[in-house]
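S.K.: Starting from these lines, generate the structure:
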Amino acid sequence: MKPFSINSIPRLILSYLGTMLIISLVTILLKVVENALEIQIIALLYLLPVLICTVLWGLTSGILAGLLSFLAFNFFFIQPYFSLQVHKSQDLITLIVFLIVAVVLSQFVGQARGAVLLAKKREWEATRMYELISALAGLTDIQSIMHTLAEQIIRTFQFDQVEILVNSHGKGANLSYLIPGGVEPSKPCELSVPMYTARNMEGEIRLWFDQNNLSVEETRLMAAFGNQGALAIERIHLTESENIARVLKESDRIKTSLLNSVSHELRSPLAAIKASASSLRSGAVDWDTPARAELLATVEEETDQLNLLVGNLLDMSRIEAGALEPKVQWNSIEEIIKSVATKMRGQLVHHRVQYQFEDNLPLLPTDFVMIGQVFTNLFSNSVKYAPADTPIRITARLVENNVIITLINQSSPVPEEHLEHIFDKFHRVTQADRVTGTGLGLSICKGIIEAHGGKIWAENQKEGFAFIIRLPITLDGSLPNIPKDELDG
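M.R.: Numbers count the residues shown, from 1 in each chain. Okay, here's the model as predicted:
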């Protein structure tokens with residue numbers, strides 16, 4: 001769609017010349033067949049060029065055609081011929097009726113043509129707006145919005161250059177995008193369109209073009225483009241603010257949960273250690289009595305508990321930072337599990353650990369310490385939730401290229417809706433509210449197992465509540481080297 005310019009004047013002159021030419025041709029044709037036609041038929045036939053000129057060139061040409069038809073009809077077909085005088089009343093009435101009909105007909109046809117043109121303009125505006133809205137809808141950053149908006153403006157209006165300026169609102173330098181780029185404008189812009197919303201002035205659109213003026217429709221559409229660009233930019237700002245608010249809310253929730261959990265978990269062992277140390281230091285407990293051994297055992301157990309808590313917190317921070325890198329070596333999973341059970345024999349005193357390992361289990365590419373931490377947390381979880389004097393059964397078997405390890409305790413079944421969430425941070429289930437802990441142990445297990453390329457999940461089974469771990473038996477697709485002396489044997 002082109003703006004109106006001085007180039008429209010020749011077209012206007014040509015439409016007038018065309019109107020006069022058509023009336024002249026119709027007059028010549030009617031003069032040739034004048035003897036075969038009644039005067040009323042000639043008047044009706046003169047309405048045809050009026051319709052044609054109105055449809056082709058608009059209302060002005062239609063009215064001009066009507067006036068010329070009226071004059072030609074009077075001059076060539078009403079007696080006395082070749083004169084504008086009218087002697088008969090009937091001929092005068094015919095001329096007046098013809099003039100009225102020609103003008104009214106031009107008006108009706110012109111209005112219909114104008115309505116069609118207006119509908120096309122509205123369709124053009126709606127189509128351009130739809131294209132812009134569709135192009136901006138899926139964009140998630142301001143730079144992309146600027147590029148898309150500038151390209152749509154160039155494609156729609158064919159301006160020489162378009163520059164999009166976006167306000168930073170004090171968050172840095174203002175953003176700018178010029179298209180076509182590479183050549184700075186040699187003169188000030190012809191038009192500046194503000195981009196504003198109900199809240200803020202988001203920027204402006206600067207335009208360079210050679211035409212004299214934009215049409216009313218183009219001016220309105222250009223303003224709509226500016227408003228739509230401003231809304232898209234505001235949407236990005238609101239989305240960023242919402243994301244920041246969501247992160248802050250989640251951070252505050254995690255911090256509150258962490259402080260609530262850790263404060264109690266730290267205070268309890270520290271209080272026990274403090275009380276035991278004070279009793280030993282004060283001399284209230286004789287050094288040769290069994291009470292001294294109990295106090296020292298309390299200090300050792302609570303220190304181990306503190307060490308486990310701090311280790312869990314550090315492991316969780318490494319997992320979330322993506323800095324958990326296992327030092328993988330070939331290890332025996334049986335050796336790892338039994339060493340952890342031996343180290344935790346004080347906590348497992350009220351539970352029987354039963355082993356059922358498949359014969360000839362292969363070595364696994366694991367970090368000995370990290371996998372040990374996994375089973376430390378699983379044993380600790382079983383001690384917390386399983387009733388005393390119940391067994392903890394561990395099985396390991398080879399399935400295709402993986403070793404499946406299952407730890408089953410006799411704790412209460414977990415509702416199905418909680419099963420997929422028990423490995424989330426700080427997630428507690430029903431009776432967990434009556435059990436101490438930070439809620440990080442299972443989350444750390446998941447992070448460590450996944451860092452080894454494996455998977456961990458939980459199930460309610462007939463034998464009890466089960467933690468199931470799947471670990472690959474290969475490292476980068478290879479198996480451990482068999483010692484040479486074993487091959488010779």
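
S.K.: which other helices and strands contact the helix or strand containing Ile41?
M.R.: Element membership for Ile41, per DSSP states H and E: helix 39-45. Counting contacts by 3 or more CB pairs under 8 Å, 6 or more residues apart in numbering; DSSP states H and E, helix 39-45 packs against helix 8-32, helix 59-77, helix 89-137. Where you see a C-beta, it was placed from the backbone N, CA and C, and this is true even at glycine.

S.K.: Highest mean neighbour count out of those?
M.R.: For the helices and strands packed on helix 39-45, the largest average neighbour count (mean count of other CB atoms under 10 Å) is found in helix 59-77, namely a mean of 21.

S.K.: and the angle for that one with helix 8-32?
M.R.: Per axes from the mean of the first three to the mean of the last three CA atoms, to 10 degrees, the angle that helix 59-77 makes with helix 8-32 is 30 degrees.

S.K.: So if we follow the domain assignment, how does this structure break up?
M.R.: If you go by automatic domain parsing, the domain ranges for the chain are 8-123, 271-320, 329-472.

S.K.: Now for Glu218, how many residues are close by?
M.R.: Look at Glu218: counted by other CB atoms under 10 Å, it has 21 neighbours.

S.K.: Tell me which of the domains of the chain lies nearest to Arg220.
M.R.: domain 8-123 (9.9 Å; CB to CB).

S.K.: distance between the closest one and the chain's centre?
M.R.: Here the centre of domain 8-123 is set off from its chain's centre by 62 Å, with CA atoms, centre = their mean, to the nearest Å.

S.K.: can you give me the helices in the stretch 151-300 of the chain?
M.R.: Along the stretch 151-300 of the chain, the segments classed as helices by DSSP state H, counting those that start in this stretch run 216-282, 290-320.

S.K.: Would you reformat those as a markdown table and include distance to Val26?
M.R.: Output for these, formatted as a markdown table (distance: least, CB to CB, whole Å):
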| stretch | distance to Val26 |
| --- | --- |
| helix 216-282 | 35 |
| helix 290-320 | 88 |
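
S.K.: Now do the contacts for the most centrally placed residue in the chain.
M.R.: With distances taken as CA atoms, centre = their mean, the residue of the chain nearest its centroid is Thr140 (6.2 Å). By CB atoms under 8 Å, 6 or more residues apart in numbering, the residues touching Thr140 are 236, 239.

S.K.: what does Arg397 give?
M.R.: Neighbour list for Arg397: 358, 361, 403-404 [criterion: CB under 8 Å, 6+ apart].

S.K.: Could you check the pLDDT of it?
M.R.: Note on Arg397: pLDDT of 93.

S.K.: ok, now Ala432?
M.R.: pLDDT for Ala432: 44.

S.K.: likewise Gln329?
M.R.: Per-residue confidence (pLDDT) for Gln329: 89.

S.K.: From Pro362, how far off is it?
M.R.: With the distance defined as CB to CB, to the nearest Å, Gln329 ends up 14 Å from Pro362.

S.K.: what's the answer for Arg345, then?
M.R.: Using CB to CB, Arg345 is found at 28 Å from Pro362.

S.K.: ok, the two, which is more surrounded?
M.R.: Higher neighbour count among Arg345 and Pro362: Pro362, with 15 against 9, using other CB under 10 Å.

S.K.: Quick check on that one: phi, psi?
M.R.: phi -70, psi 160 (degrees, to the nearest 10).

S.K.: mind listing the helices for the stretch 351-489 of the chain?
M.R.: Using DSSP H, counting those that start in this stretch, the helices of the stretch 351-489 of the chain run over 368-385, 416-419, 441-451, 484-488.

S.K.: which helices and strands does the second one pack with?
M.R.: Right, the one you point to is helix 416-419. So helix 416-419, by 3+ CB pairs under 8 Å, 6+ apart, packs with strand 455-461.

S.K.: From the chain's centroid, how far away is the strand it packs on?
M.R.: The chain centroid and the centroid of strand 455-461 are separated by 34 Å under CA atoms, centre = their mean.

S.K.: For that strand, which residues meet the burial criterion?
M.R.: For strand 455-461, a neighbour-count test (16 or more other CB atoms under 10 Å) marks 456, 458 as buried.

S.K.: picking up where we left off before, nearest to Ala230, out of the domains of the chain?
M.R.: domain 8-123 (22.9 Å).

S.K.: For the closest one, what does the pLDDT average out to?
M.R.: The average pLDDT for domain 8-123 rounds to 78.

S.K.: can you pull up the bridge partners for Ile469?
M.R.: Beta bridges link Ile469 to Ile405, Ile456 when assigned by DSSP bridges.

S.K.: Count the neighbours of it for me.
M.R.: Other residues within reach of Ile469, judged by other CB under 10 Å, total 23.

S.K.: need the contact list for it.
M.R.: Contact partners of Ile469, counting by CB under 8 Å, 6+ apart, are 374, 404-407, 449, 454-456.

S.K.: repeat for Gly66
M.R.: Applying CB under 8 Å, 6+ apart to Gly66 gives the contacts 50, 99, 102-103, 105-106.
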